[in-house]
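Student: Fold the following.
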Amino acid sequence: MTKDHKLREAHLCFYEKDIAEIDQELDGFLELSGARCALLVDRSGHMVTRRGTSLDGSLESVAALAAGSFSATREMARLLGEGEFNHLFHQGSRESIQISAVGDRSLFVIVFDDHSNLGLVRFYAEESSARLKEIFASISLQEDKGDGGLSDDFSSKATAALDELF
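Tutor: Numbering: from 1, shown residues only. Now for the predicted structure:
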């Protein structure tokens, strides 16, 4: 296994065209569901992308706390004999949040208010999660074929270019 492949396995890696495709899916979700904001977050709490209206607080903090909440709930699920809970839901008096697992390494975080229909949010979240998994599978196939990644001789070419420069 190459260093580049190991790095991609350890961390989510997206290119501009990947983010554009993900953003398009999130925009469609927001339009259909009536939710306020949709975030794609890696399980360590780093935001990949966000769409929708801004929140009063920091979206980066929301992303990190959502990942922490999901991680804590995973342990609770394990204690109950479940692998993990795939969806978390927190309801407030005005604002609510749903966190859904998308594959093994990312979370779909949805913020919606009391004007949104919970049934629509949940229904379209399921559909969007499935499409996001398909997008991730497509990205993974492209990376496995070498599309968009570093070439095998990148290191030697970079070293030669730096030697030539200095």
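Student: looking just at contacts, which helices and strands does the helix or strand containing I139 meet?
Tutor: I139 belongs to helix 118-144 when assigned by DSSP states H and E. Where contact means 3 or more CB pairs under 8 Å, 6 or more residues apart in numbering; DSSP states H and E, helix 118-144 is packed against helix 16-33, strand 95-102, strand 106-113. Using the backbone N, CA and C atoms, a C-beta is placed for each residue, glycine as well.
Student: so of the ones you listed, which one's packed in deepest?
Tutor: Looking across the helices and strands packed on helix 118-144 with neighbours counted as mean count of other CB atoms under 10 Å, the highest average goes to strand 106-113: a mean of 23.
Student: Which strands border that one, and is each parallel or antiparallel?
Tutor: strand 37-42 (antiparallel), strand 95-102 (antiparallel) (DSSP bridges).
Student: Tell me which helix or strand comes right after the first one.
Tutor: Once strand 37-42 ends, the next helix or strand along the chain (criterion: DSSP H and E) is strand 47-52.
Student: who does that next one touch, helix- and strand-wise?
Tutor: If you count contacts as 3+ CB pairs under 8 Å, 6+ apart, strand 47-52 packs onto helix 16-33, strand 37-42, helix 59-79.
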